[in-house]
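In: sequence and predicted structure are below.
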Amino acid sequence: MSEQSTMQKAVWALDVTHSEITFKVKHMMVTNVTGKFEDYSVTADIDEENFENSQVSFTAKTSSVNTGVADRDNHLRSADFFDSENHPEMTFTSTSFEKVDDESYRMTGNLNIRGIEKPVTLNVEVGGFGKDPWGNTKGGFTISGKINRKEWGLNWNAALEAGGVLVAEDVRINCEVQLMKQA
């Protein structure tokens with residue numbers, strides 16, 4: 001007979017002051033441009049003892065994309081990319097977690113950008129759990145992965161005179177997320 005977990009799933013909310021959602025895309029096939037979303041939310045039902053039973057939801061306002069260059073950010077908000085006017089949010093909802101080792105998991109879920117929903121698998125590193133000086137229980141997570149932007153209709157590009165394209169298809173996702181257990 002297997003021992004049942006005494007821990008129940010608990011609702012966790014984003015600690016925005018200790019989190020960031022970033023991405024990198026190769027520009028002109030030689031350097032990476034980094035961007036982030038300024039307005040986003042994460043909620044999770046986490047089972048600390050059996051993380052595979054956890055669930056995560058993420059929403060970002062596409063108009064909050066920020067690469068540090070206003071003209072580029074406005075282009076990303078346009079119909080060439082996120083089409084923020086018609087698709088103000090992108091979402092991710094997990095469907096499963098697969099344990100890799102004691103600190104690593106593969107999280108599969110549905111990513112919706114521009115109204116196109118596709119499954120993706122991301123790597124999750126569990127940094128750990130602990131109490132802050134004010135008695136709040138926190139959990140830290142690093143989420144990483146890669147998607148092909150064209151699968152979500154982010155097709156705009158320009159050919160380079162020397163060959164290649166201005167913007168790579170692959171987008172690297174890198175998120176540092178701290179969540180706080182809700183009472």
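Out: Right, received. Where do you want to start?

In: distance of the residue lying closest to residue 153 once chain neighbours are set aside relative to residue 133?
Out: In space, and not counting its chain neighbours, residue 153 is closest to residue 114: 4.8 Å by C-beta to C-beta, 6 or more residues apart in numbering. Where you see a C-beta, it was placed from the backbone N, CA and C, and this is true even at glycine. Here the criterion is C-beta to C-beta, to the nearest Å. By it, residue 114 lies 42 Å from residue 133.

In: so which of those two has more stuff around it?
Out: Applying other C-beta atoms under 10 Å to residue 114 and residue 133 shows that residue 114 carries more neighbours, namely 17 against 5.

In: circling back: pLDDT score for the residue nearest to residue 153?
Out: Note on residue 114: pLDDT of 93.

In: show me where this structure has helices.
Out: If DSSP state H is used as the criterion, the helices of the chain fall at 70-77.

In: show me where pLDDT drops low in it?
Out: Applying pLDDT under 70 to the chain flags the ranges 1-7, 26-30, 155-168.

In: let me see the ranges of the strands in it.
Out: In the chain, the strands defined using DSSP state E lie at 10-14, 20-27, 31-37, 40-46, 55-61, 65-66, 89-101, 104-113, 116-131, 137-148, 167-181.
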